[in-house]
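Student: Structure for the following, please:
(3 chains)
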Amino acid sequence: MADRNFSASHLPGFTQIALLVFALLYLPIAVLVVYSFNAGTTSGLWEGFSFRWYGTAWQNDAVQSATLRSLGIAVSASIIATFCATLAALGTTRRKSFRGQTFIYVMINQPLMVPEIVTAVALLIFFASIKVATGYQGLGYLIAAHSAFCIPFAYLPIRARLEGMDLSLETAAADLYATPWMTFRRVTLPLLAPGIIAGAMLAFVISLDDVVITEFVKSGGQDTLPTYMMGQLRRVMTPEVNAISSVLLALTVLLLTAFFLLTRKND
Amino acid sequence: MSAAEDSRDKASVRSAWLLSAPAIFVLTFAACGPLLIMLVYSFLTKGQYGNVEGVFSLEGWRSILYSEDIFDPGVFVWADAHLTIFWRSVKLSILTTLLTLLIGFPTAWFIATRPPKSRPLWLFLITIPFWTNLLIRTVAIFEVIRNEGVINTVLLWSGLITVPFQITYTDTAVFIGMAYVFLPLMVLPLFAAIDRFDMRLIEAAYDLYASRFAVLRRVILPIVRPGVIAGSILVFVPSLGAVVTPRILGGGKNMMIGNFIELQFGQGRNWPLGAALSMTLLVIVTVALLVYVRAANRETSHG
Amino acid sequence: MKKLLTATALLLATSSLASAEGQLQLFNWGNYTSPELLAKFEAETGIKVTVTDYDSNDAALAKIEAGGHGFDLVVPTHQYVPIYAEKGLIVPLDLSKIPNHANIAPEWMDVAWDPGRTLTIPWQWGTTGIAVDTAVYSGDINTSDVFLNVPPELVGKINIVPEMNDVVNLAVMWAGGEPCSEDTAVLKKARDALLAAKPNWISMDYGATEKMSSGEWKASVNWNGSTMRIRLALPTAAYGYPKEGYPVWMDSVALLKDAQNVEEAYKFLNFIAEPENAGMISAFARYANGIAGSEAFMPEDMKTAPEVVIPEEFKAAGKFIPTCSPKAQEYMTAIWTELQK
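Tutor: Numbers count the residues shown, from 1 in each chain, chains lettered A, B, ... in the order given. Next up is the predicted model:
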């Protein structure tokens, strides 16, 4: 019977494929980091080891403010998007189908269905008229635009998690006279957490990646890291961009390590 | 239906709308609402130097399918260039979705079956590369697959090949690049779907069923179906509208639909055609999506 | 969470003060503005210049036309200047506020797109020609045949810069027409040549500076400044001026109608027409600038560079692409679509 003993964590080949995927995932990243130490002026031709581009990036105000702006927008937009998406997922899953359900579903997924350039031009025209009417040209427009296109990315994982989530625990809680809010906080939310985290991470990453919509919505002095790099792409892309990305990567890894060490202690 | 049941249903519908309200508000303001502008634009005359003029015209819609031969005024020809571009986009997007599903499923499974403590770590490992921006990631992929890149260098050095593989500037490069770029969009929803299930149930099921295949089909697939649906949508649709990856990895020789629409709003100066093309794409994708979701749901309920 | 909200609120608040005193908003091509130039300007005038990037003339035009952008100055390519002017997006300059206007070189003073130079101050100008690694191909490079009848040595190794105006007009001039031609016989010849040559091209992409320096490409339809950078990394690279005709272009700075920092903008316009400062602009992006006397302040290697100083025998073939008529534009787009389908 020993060979009939089934372990879900060891489906044949799955571990190998997964590890290979992780390796391939990090291969371009490794190349990117290596080239950040390139002494030459292009990211494609290795001319020796140097910290030159870290120095340039450190002194480049434009790059630094663009990076901070990108992060600020991504944090704000992913919070807003995840909040809206979680509520919408709770509202549209696990209930009798009703008129308008398809409408809500299509509405939420709409940003996925249109190429970015179209949304970008539409938003340019719409927001520009608001900008002219109100005189406000701040980052609010970029945050609103990013929140909107991040919603479907946050919504789908949360919905996938909710669908078929075991109802019995919630019913049990309700039977024990827990208020709906308590049931939600103590039972539903913890069960939903992995979906919410997955959704929030997707939203964050998607916001951080956006070029086209940002390019059209931004006002004066609102370059994000991607639009800054897009401007470089046409002329010369120096390893400076690699250096910034490497620093961001290192920061991410440091933060996550700290996070894990701390939560481990608390356990 | 009793009156009590009826009012409960009504309350449920009301709460559904209330809960969806914030999302609908944000989307109306910053996505769907402005898109109506595009719908209007598709029925206007193109401006001399881009933009539109406020004169009604069906030219934008007509020129999607057939247009006046530029060298033969008066003769209308089938716009085969548009169809070629459209077909290439659909083909590459389907391939991308299949590839990400093929490698994303084992990866998500692997993460979901790690001990609970290390699971978040693996999840983060899958997203960390995506904290670097899409553009630079795509450029990095280029560095890996180019003729003097890591892969070709290793293959040449090992003697497996004598001439470097020309991967860059082909449809293959676009497809590989999109699969790389969109992989977490597949893995995360899959993970969310797999993770909620008790693995012991599968193990128990395995004891009851005869083969691995039966377990996969009868037990695992129904569980992960919502994740597969979500992941496929998240990969397929953005692939269809991709602009940056085809431009950098494909070398710009062969457009995808996103590039073609971009051309109309840029150097092509034909906004109505661009608007009409995007509306067409929107309708096709919506219909495909609805059919797909309906079919998937029906299968689940027959389960 | 609370902190985050406060931070967000701050972020929102500060960015709406963009038009404060001592500020200037410049909307320019990416990686085109020398940071040293801006530092010098700030040291001299106390005005802080914020640069925002764009990567295509049409995107910039669409954005400016929509309004509410917050920019003071924009740097369009010459054929876009009449469009901006016709749409009323830029205003004539008050030349009394730009004493350095007189420094503009005579040949750049009375140009077709801006007679008398009352709308724009030169930023940089250049040409679109052909960069070739002469170690791979040693034939004549001063002809569009290099990319339209690709020599065997370069098959599968030549790139085309994806600029519709430049590429189609190169082919039109090669076919014996004038830029922005509406002559269908010429256009047909140009289209057929482009379509026949396409299978021999490796790509239609930007980034020639990196990819030719690294040997990925052996030739490319390319801009002159970029080619000079390639030559500095790869000494066998050379720049060809197609004798059938090649595009010359100039990017110039214009004052926007809804500029909020007008006085600051004039100070900047005057500043960049100073030869020393114009020299700094050129030293950064490696293109010539159109200000007389600026050569003295350019790096040594630019003063004699054959990419920057057009050799006498090729001067006549250089042509400014005018603002094409809508009809000509339609022809170009149709050819371009067929080329990239």
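Student: C:Tyr287: neighbour count?
Tutor: For C:Tyr287, the count of nearby residues is 25 (other CB atoms under 10 Å in any protein chain shown). Bear in mind the C-beta positions are built from the backbone N, C-alpha and C, glycine included.
Student: How about the residues of chain B by chain C?
Tutor: B:48-51, B:70-71, B:81, B:84-85, B:146-148, B:166, B:168-169, B:247-248, B:250-255, B:259-260, B:263, B:265-270 (CB under 8 Å from any CB of the partner chain).
Student: Which of the residues you listed are buried, as a ChimeraX select command?
Tutor: Selecting only the buried entries of the residues of chain B next to chain C in ChimeraX, with 16 or more other CB atoms under 10 Å in any protein chain shown as the criterion:
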select /B:49,50,51,70,81,85,146,147,168,169,247,248,250,251,252,253,254,255,259,260,263,265,266,267,268,269,270
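Student: among the residues of chain B next to chain C, which are within reach of chain A?
Tutor: B:Arg146, B:Ile248, B:Phe265.
Student: Looking at those, spot the one nearest chain C.
Tutor: Closest approach to chain C among those (CB to the nearest CB): B:Arg146, at 6.0 Å.
Student: Phi first, then psi, for the closest one.
Tutor: phi -70, psi 170 (degrees, to the nearest 10).
Student: That one and B:Met38, how far apart?
Tutor: Between B:Arg146 and B:Met38 the computed distance is 37 Å (CB to CB, to the nearest Å).
Student: One more: B:Arg225?
Tutor: Distance from B:Arg225 to B:Met38, by CB to CB: 34 Å.
Student: Looking at the two, which has the bigger crowd around it?
Tutor: B:Met38 (22 against 19).
Student: wait, that one sits on B:Ala275?
Tutor: Yes. Between B:Met38 and B:Ala275 there is a contact at 4.6 Å, judged by CB atoms under 8 Å.
Student: overlap in contacts of these two?
Tutor: Both B:Met38 and B:Ala275 are in contact with A:Val118, where contact means CB atoms under 8 Å, 6 or more residues apart in numbering or on different chains.
Student: For chain C, what is the nearest residue in chain A?
Tutor: A:Gly231 (1.6 Å).
Student: Could you give the average pLDDT over stretch C:211-222?
Tutor: The average pLDDT within stretch C:211-222 is 91.
Student: cool, stretch B:113-121 as well?
Tutor: Mean predicted lDDT for stretch B:113-121 stands at 83.
Student: now swap in stretch A:15-24 and tell me
Tutor: Rounded mean pLDDT across stretch A:15-24 is 91.
Student: Same check on stretch A:235-254?
Tutor: 81.
Student: Mind checking if it is in reach of chain B?
Tutor: Yes. Stretch A:235-254 comes into contact with chain B (CB under 8 Å from any CB), by way of A:Met237, A:Val241, A:Asn242, A:Ser245, A:Leu248, A:Leu249, A:Thr252, A:Val253.
Student: Stretch C:133-149 too?
Tutor: No. Judged by CB under 8 Å from any CB, stretch C:133-149 makes no contact with chain B; its nearest approach is 13.3 Å.
Student: what distance separates that stretch from the centre of its chain?
Tutor: Relative to its chain's centre, stretch C:133-149 lies at 24 Å (CA atoms, centre = their mean, to the nearest Å).
Student: wait, what's in contact with A:Ile29?
Tutor: Applying CB under 8 Å, 6+ apart, the residues near A:Ile29 are A:Leu249, B:Ile128, B:Pro129, B:Thr132, B:Arg137, B:Ala140.
Student: quick one: which of those is most hemmed in?
Tutor: B:Thr132 (26 neighbours).
Student: count of residues packed around the nearest residue to it once chain neighbours are set aside?
Tutor: Excluding the flanking residues, the one nearest B:Thr132 by CB to CB, 6 or more residues apart in numbering or on different chains is A:Ser245, at 4.5 Å. Per other CB under 10 Å, the neighbour tally for A:Ser245 reads 26.
Student: Please, which helix or strand holds A:Ser245?
Tutor: Assigned by DSSP states H and E, A:Ser245 belongs to helix A:240-266.
Student: which helices and strands sit right next to the longest strand along chain C?
Tutor: Ranked by residue count, the top strand of chain C under DSSP state E comes out as strand C:120-133. Helices and strands touching strand C:120-133, by 3 or more CB pairs under 8 Å, 6 or more residues apart in numbering or on different chains; DSSP states H and E, are helix C:145-148, helix C:208-213, strand C:219-223, helix C:224-233, strand C:237-240, strand C:246-255, helix C:262-272, helix C:275-285.
Student: again, 7 Å this time
Tutor: helix C:145-148, helix C:208-213, strand C:219-223, helix C:224-233, strand C:237-240, strand C:246-255, helix C:275-285 (3 or more CB pairs under 7 Å, 6 or more residues apart in numbering or on different chains; DSSP states H and E).
Student: Give me the contact status of the third one with chain A.
Tutor: This points to strand C:219-223. No. If you take CB under 7 Å from any CB of the partner chain as the test, strand C:219-223 misses chain A, and the best it gets is 8.7 Å.
Student: Only alpha carbons, please: show that strand as CSV.
Tutor: Taking C-alpha atoms only, strand C:219-223 is exported to CSV below (Å, rounded to 0.1, in the frame of the first residue of the first chain):
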residue,chain,number,x,y,z
ALA,C,219,23.3,48.8,-39.4
SER,C,220,20.3,51.0,-38.7
VAL,C,221,18.3,53.9,-40.1
ASN,C,222,19.2,56.2,-37.2
TRP,C,223,19.6,59.8,-36.0
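Student: quick one: it to helix C:275-285, angle?
Tutor: 150 degrees (axes from the mean of the first three to the mean of the last three CA atoms, to 10 degrees).
Student: ok, A:Leu225 - contacts?
Tutor: Residues in contact with A:Leu225 (CB atoms under 7 Å, 6 or more residues apart in numbering or on different chains) are A:Ala66, A:Thr67, A:Ser70, B:Asn133.
Student: quick one on the thing from earlier: the residues of stretch A:235-254 next to chain B: which two are farthest apart?
Tutor: Farthest pair in the residues of stretch A:235-254 next to chain B (CB to CB) is A:Met237 and A:Val253. Separation: 24.0 Å.
Student: Look at the two and report which has more neighbours.
Tutor: Taking neighbours as other CB under 10 Å, A:Met237 and A:Val253 compare with A:Met237 leading, 26 against 14.
Student: Double-check that the more buried one belongs to a strand.
Tutor: No. Counting by DSSP: H, G, I helix; E, B strand; the rest coil, A:Met237 is not found in a strand; it is coil.
Student: tell me the phi and psi of it?
Tutor: phi -100, psi 110.
Student: In the chain, where is pLDDT below threshold?
Tutor: Using chain A. The model of chain A has pLDDT under 70 over residues A:1-11, A:43-44, A:164, A:167, A:259-260, A:262-267.
Student: not what I meant, chain C
Tutor: In chain C, residues with pLDDT under 70: C:1-21.
Student: Cheers, nothing more for now.
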